[in-house]
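> I'll drop the sequence and a predicted model, then ask my questions.
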Amino acid sequence: MALGKTSARRPDAPPPLNLWRVRDFLIVWWAQVTSRIGTQISQFVLPLLVLSSTGSASTAGMIAALEQLPYLILAIPAGALVETWNKQVVMVVGNFTRAVLFGLLAGYLLSGGTSILFIAGTVLCSGIVYVFFDQASSTVFPRILPAHELARASGWVEGTTAMTEVLGPALGGALIGLGTTTMVGAGYAFGADAITYIIAGIGVLCLRTSLRPTAVRERQGSLRASIREGITYLFSHAELRLLALANFVNIAVLGTVWLSFMTLMKTEFHIGSSGTGLLLSLGALSGVLGSFCSGILHRRLGAYGVMLFTGLGWAAGELIMAIAPAPWVAVFGLALALWVAPPYFATLYAHRMAIIPQPMHTRINSMYRLLAQAGLPLGLAGGGVLLEFVGARGFLLLAAAVFLAAAITVQLHVRSGRNR
C-alpha cells in the first residue's frame with residue numbers, strides 16, 4: 001500500500017470538544033491517573049524492598065524485569081484475544097486482580113513475611129495481568145472520542161503520566177518512611193497501590209459507552225491465524241510500517257536521554273547524584289507542559305508536521321547538551337528534548353488509530369507497542385556501550401544525528417508516497 005496523505009488541518013475541521021464534558025473520557029482518564037500513581041509508587045518501592053531484603057542489586061534488577069517479561073512474550077497473542085472481548089470487562093478484571101495481588105503482598109509484608117519468591121511471584125502475576133489490561137486500555141479512546149480529538153486526549157494522558165512519575169516516587173518514599181522498617185513501609189506502599197486499583201476499577205465499571213467487540217468475525221479462525229493476519233497487515237501497509245520502524249528508532253535513542261545527561265553531569269561537570277537528580281526533575285517538568293500543547297500542534301501542523309517538529313526538537317536538544325558549556329545550558333537542552341516528546345507520542349497514537357481499521361485496533365496496536373517496547377532496552381544497552389567509547393558529548397552528537405536522519409527519512413517517504 002502506498003503512503004497516505006498527512007492528517008493536516010482542514011479548513012472545515014470541526015471545533016475542539018470540551019473534554020471536561022465528555023463523561024466517559026474523564027472516567028477513563030482519571031482511572032488511568034489513579035492507577036498510574038499506584039504503579040509509580042510500587043515501581044519506586046520494589047527495588048528498595050528487594051535491596052533491603054537481599055542486599056543484591058542484581059536480584060533487585062531481575063525481579064523488576066519480571067514485570068516487563070510477560071509483555072515481550074504475551075503482547076501479540078493478548079492483542080488478538082482482547083480484540084474479541086469486552087474491553088470494559090478486561091479493564092475492570094485487570095484493575096481488581098492487581099488490587100488483590102498487591103493487597104495480599106501488603107498483608108504479607110505487614111505480617112512479617114520476607115520471602116523473595118512471594119514478592120517475585122506477585123510481580124510476575126501483575127505483569128501478566130497488565131499485558132491484557134494494556135491492550136484494552138490503550139485502544140479505548142477511539143470508541144469514546146471522534147478521531148480529531150485523539151491527539152489532544154492522548155496529550156492529556158501523556159501530561160498526567162509525567163506528573164505521576166514525579167508524584168509516585170515522592171509518595172512511595174513518604175510511605176516507606178512511615179514504617180518502622182523498610183518491609184513495613186513497603187507494605188503500606190503496596191496497600192496504597194491496591195487502593196488505587198480498586199478506585200480505578202470502580203470508575204471503569206461506571207462507563208456507559210459500549211466496549212464490546214465492534215464486529216464478529218465471519219470465520220472463527222485460530223489464534224495463530226488471527227495473529228498472522230495482523231502482522232501481515234502491519235508490515236504490508238507502507239505507512240504503518242514506516243511509522244513503526246521510525247518509532248522504534250526514536251524510542252531506542254530517546255530512552256538514552258536520561259542516561260547520557262547523567263553521564264554528562266558526572267564526567268564533564270562533576271555534579272553529584274543529588275544535584276543531577278534535581279536538574280533532571282527540572283528538565284522533566286517541560287514534558288508536562290509539552291503534553292498540553294499536543295492538540296494545538298496536531299491541529300496546526302498535521303500529523304507529519306508534528307513528527308518533523310519533534311524530530312528537529314530532539315536533534316536540537318541533544319545538540320545543545322553536547323556543546324553545553326555549563327550545566328544550566330544542558331538542562332535547557334534536556335527540557336527541549338522532553339518538551340517535544342508528548343506531542344510526538346500523542347500525535348502518533350491518534351494518527352495510527354485513524355489508519356488502522358477499528359476491528360483490528362487492538363491486534364495491530366499490540367504489535368506496534370511491542371516493537372516500541374523492544375526499542376527501549378536495545379537502545380539502553382547500545383547507548384551504554386557507546387557512552388563508554390565516545391563519551392557523553394560524542395554520544396549526544398550521534399543521537400542528534402539519528403533523530404535528524406529519522407525525521408528526514410519519514411518526510412522523504414511521505415513526499416515520495418504523495419507523488420506516486
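Right, received. Where do you want to start?

> Counting neighbours, what do you get for residue 54?
Here the number of neighbours of residue 54 (other Cβ atoms under 10 Å) works out to 14. C-betas here are computed from N, CA, C, even on glycine.

> Give me the below-cutoff pLDDT ranges for the stretch 301-420 of the chain.
377, 417-420 (pLDDT under 70).

> pretty sure residue 157 is touching residue 28, no?
No - contact criterion Cβ atoms under 8 Å: residue 157 and residue 28 do not qualify, at 9.1 Å.

> Please identify the buried residues of the helix or strand that residue 315 is a member of?
Take DSSP states H and E as the rule and residue 315 turns out to sit in helix 294-323. For helix 294-323, the buried set under the neighbour-count rule, 16 or more other Cβ atoms under 10 Å, comprises 294-295, 297-299, 301-311, 313-322.

> cool, and stretch 269-289?
For stretch 269-289, by 16+ other Cβ under 10 Å, it's 269, 271, 276, 279, 280, 283, 284, 286, 287, 288.

> With only the CA atoms kept, save it in PDB.
The C-alpha coordinates for stretch 269-289 follow below in PDB (Å, rounded to 0.1, in the frame of the first residue of the first chain):
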ATOM      1  CA  PHE A 269      30.600  19.000  35.200                       C
ATOM      2  CA  HIS A 270      31.400  16.700  38.200                       C
ATOM      3  CA  ILE A 271      27.900  17.100  39.700                       C
ATOM      4  CA  GLY A 272      26.900  14.600  42.400                       C
ATOM      5  CA  SER A 273      23.800  12.300  42.400                       C
ATOM      6  CA  SER A 274      21.500  14.600  44.300                       C
ATOM      7  CA  GLY A 275      22.400  17.600  42.200                       C
ATOM      8  CA  THR A 276      21.900  15.600  39.000                       C
ATOM      9  CA  GLY A 277      18.500  14.300  40.300                       C
ATOM     10  CA  LEU A 278      17.400  17.900  40.900                       C
ATOM     11  CA  LEU A 279      18.500  19.000  37.400                       C
ATOM     12  CA  LEU A 280      16.700  16.000  35.800                       C
ATOM     13  CA  SER A 281      13.500  16.900  37.700                       C
ATOM     14  CA  LEU A 282      13.700  20.500  36.400                       C
ATOM     15  CA  GLY A 283      14.200  19.300  32.900                       C
ATOM     16  CA  ALA A 284      11.400  16.700  33.200                       C
ATOM     17  CA  LEU A 285       8.800  19.400  34.100                       C
ATOM     18  CA  SER A 286       8.800  20.600  30.500                       C
ATOM     19  CA  GLY A 287       7.300  17.200  29.500                       C
ATOM     20  CA  VAL A 288       4.200  18.200  31.500                       C
ATOM     21  CA  LEU A 289       3.900  21.500  29.600                       C
END
